[in-house]
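*Asks:* sequence plus the predicted model coming up.
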Amino acid sequence: MTLNKPPAAQERVPSRRRSALLAGCAASVVMLTVAGCSGGSATGTTVKDGFAQAAQKDGALTVWVDATRLDAAKLYQKLHPDVKMDIVTYDGDANGSNYLQTKVQLFNRTGKGWPDVVFSSQNNEATWAVDAGFAAPLNKGLISSMTLAEFAKGANDVCTVNGTVYCLRNDLSQAVLWYNAPLLKKFGYTVPTTWEEYQQLGEKVAKEHPGYLVGDAGDSFTPEIYLWASKCGANHITGPKSVSVNTTSENCTKMAKLMDVLIKDKAMSVSGVFSTDFGKNEADKVLLMPGPAWYGSALFQGTFKTPAKQIAAAPIPQWKGDPSPTTGNVGGGTWLLSQHSAHIKAATDFLKWVTTDKAYQGSKAPGFPAYAPAADTWLNAQSTAGYFSGDLSALKDASSQVWPGWGSGQFSQEAIWAATVKPGLTQGKSIVSMLPAWQDAITKYAESDGYKVSK
């Protein structure tokens, strides 16, 4: 068994995601190329491209998308008028709804109803979709090795089971340091490059410009920004059904202490960036904000309505003396092709187009494309659009720096943090004091999904 890991709202405005999925032999994924099991094949089929394919026939290509990806499906239909399509919108499994898994279980029982291609805002669908016999292998003939090689480093690790790729990553959500460039200059500050400098600047801001913020700790995906970037071993998937959980290591505690200091100084909010309170009282007070790639357009431009030429991106800080730059990841999404599809050629053409074609990923996609050539086009489009201050090269650099020690298991880290740590923050408890309770909660959630937990 070989292992790898994942980099994970929908430009999510916090999709954030991953609730309990199908137990059993389902392969857990981290940057993980795991050993998994397949779900069997139907009778009367032809084995080709690594799986038993249903009899192929004419008819409409059924594509399931969330509201954000609806434009992608419509654009494909416009550019390919000869392709018959049945476009269905659903929640995209946002917030770990498990809608797709539940429907696939139903379709497996009735023997009909599977979509040909489906988008999910989750990065852990391979943990159940392979075992359920739903996700088709893609690197056995459907998608060329040349195409797969051009995805960002590690992008499709969350889709890889025992060396076989079962989905394609739509977008990346690597974390960078967003900042208000003219405001930073006005205050006479420089962009911090280390976490030590970041904390010092936050403390300075609290004294010299009270009310202004250098971050936020109020969202359920907070650990994926700060603790993941700090190489905190809270969520290291080590096998198909095994996970290592250690929330009290030095890498965890030093980041928790940093956050506690800034929260106490009120330089870091605990409201949550998508809360009404934050939008009303704090959105215009953001000086710095570590966060995922989609923060640029979805949060600052879309939600906060921050004027153009203010928001810029820099590399996320690193601990002083750490030789290997790392960051966290908040979201992303994946596309799966059904083994039951009776329109394999059309489904494959759509899948490849929607993940790699510059007409969508390079020009129209709201998030940073996982496919590297499209990402270059996307970055150029963002730069010429005139909203951001400076270039967004930090996003490209961060796309290959997501730390591989944080996994995409069946249990939802966001749900665990929201239930265990966030309530304590609102009550004034320190994050450091809650690290043991966080570990206990992760252990219980993982064990309930059949994981063997080591510490």
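*Replies:* Yep, it's here.
*Asks:* quickly note the distance from residue 233 to residue 251.
*Replies:* Distance of residue 233 to residue 251, computed by C-beta to C-beta, to the nearest Å: 7 Å. (Glycine included, C-beta is placed from N, CA and C.)
*Asks:* and the lengthiest helix in the chain, how far from the chain's centre?
*Replies:* Looking across the chain with DSSP state H, the single longest helix is helix 431-448. Relative to its parent chain, helix 431-448 has a centroid offset of 22 Å by C-alpha atoms, centre = their mean, to the nearest Å.
*Asks:* buried residues in it, which are they?
*Replies:* Residues of helix 431-448 classed as buried: 431-432, 434-435, 438-439, 441-443, 445-446 (neighbour count, 16 or more other C-beta atoms under 10 Å).
*Asks:* would you confirm that residue 189 contacts residue 202?
*Replies:* No. Counting by C-beta atoms under 8 Å, residue 189 stays clear of residue 202, with 10.5 Å between them.
*Asks:* which one of the two has more residues nearby?
*Replies:* Taking neighbours as other C-beta atoms under 10 Å, residue 189 and residue 202 compare with residue 202 leading, 25 against 18.
*Asks:* how does the protein divide up, domain by domain?
*Replies:* Using automatic domain parsing, the domains assigned to the chain come out as 46-172+330-391, 175-328+404-447.
*Asks:* between these, which gets nearest to residue 453?
*Replies:* domain 175-328+404-447 (4.9 Å; C-beta to C-beta).
*Asks:* could you give the mean pLDDT of the closest one?
*Replies:* Domain 175-328+404-447 comes out with an average pLDDT of 96.
*Asks:* contact partners of stretch 337-354?
*Replies:* Residues outside stretch 337-354 that contact it (C-beta atoms under 8 Å, 6 or more residues apart in numbering): 41-42, 49, 51-57, 59, 61, 63, 69, 72-73, 76, 80, 83, 107, 114-118, 133-136, 138, 142-143, 147, 167-168, 170, 335, 359-361.
*Asks:* which of those count as buried?
*Replies:* For these, buried by 16+ other C-beta under 10 Å: 49, 51-54, 61, 63, 69, 72-73, 76, 107, 114-118, 133-136, 138, 142-143, 147, 167-168, 170, 335, 359-361.
*Asks:* in stretch 364-374, what counts as buried?
*Replies:* Buried residues in stretch 364-374, defined by neighbour count with 16+ other C-beta under 10 Å: 365-374.
*Asks:* tabulate those (TSV), appending secondary structure.
*Replies:* Formatted as TSV, the buried residues of stretch 364-374 follow (DSSP: H, G, I helix; E, B strand; the rest coil):
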residue	secondary structure
365	coil
366	coil
367	coil
368	strand
369	strand
370	coil
371	strand
372	helix
373	helix
374	helix
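*Asks:* what is the nearest of the residues you listed to residue 315?
*Replies:* Using C-beta to C-beta, the buried residues of stretch 364-374 come closest to residue 315 at residue 368, 14.7 Å.
*Asks:* residues contacting the residue nearest to residue 170 when sequence neighbours are not counted?
*Replies:* Using C-beta to C-beta, 6 or more residues apart in numbering and skipping residues adjacent in sequence, the residue nearest residue 170 is residue 333, 4.0 Å away. The contact partners of residue 333, by C-beta under 8 Å, 6+ apart, come to 10, 15, 69, 92, 119-123, 169-171, 367.
*Asks:* how far does stretch 81-94 sit from the chain's center?
*Replies:* 21 Å.
*Asks:* what does that stretch contact?
*Replies:* 9-10, 12, 15, 17, 59-70, 73-74, 76-77, 97, 99-101, 115, 119-122, 125, 333, 346, 349-350.
*Asks:* buried stuff in stretch 338-347?
*Replies:* 338-344, 346-347.
*Asks:* mind checking the backbone torsions on residue 113?
*Replies:* Phi and psi for residue 113, reported as degrees, to the nearest 10, are phi 110, psi -10.
*Asks:* A helix includes residue 404, no?
*Replies:* No. Per three-state DSSP, residue 404 lies outside any helix segment and is coil.
*Asks:* quick one: the strands in the stretch 51-200 of the chain?
*Replies:* For the stretch 51-200 of the chain, the strands defined by DSSP state E, counting those that start in this stretch occupy 51-53, 61-65, 85-89, 117-120, 160-161, 164-165, 168-172, 175-180.
*Asks:* tabulate these (a markdown table), appending distance to residue 287.
*Replies:* Converted to a markdown table, the strands of the stretch 51-200 of the chain look like this (distance: least, C-beta to C-beta, whole Å):
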| stretch | distance to residue 287 |
| --- | --- |
| strand 51-53 | 52 |
| strand 61-65 | 37 |
| strand 85-89 | 38 |
| strand 117-120 | 35 |
| strand 160-161 | 39 |
| strand 164-165 | 41 |
| strand 168-172 | 25 |
| strand 175-180 | 6 |
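*Asks:* lowest mean pLDDT across these, which one is that?
*Replies:* Among the strands of the stretch 51-200 of the chain, strand 160-161 scores lowest, with a mean of 90.
*Asks:* what helices or strands is that one leaning on?
*Replies:* Here strand 160-161 touches no other helix or strand, going by 3 or more C-beta pairs under 8 Å, 6 or more residues apart in numbering; DSSP states H and E.
*Asks:* picking that back up, nearest to residue 211 among the buried residues of helix 431-448?
*Replies:* residue 431 (22.0 Å).
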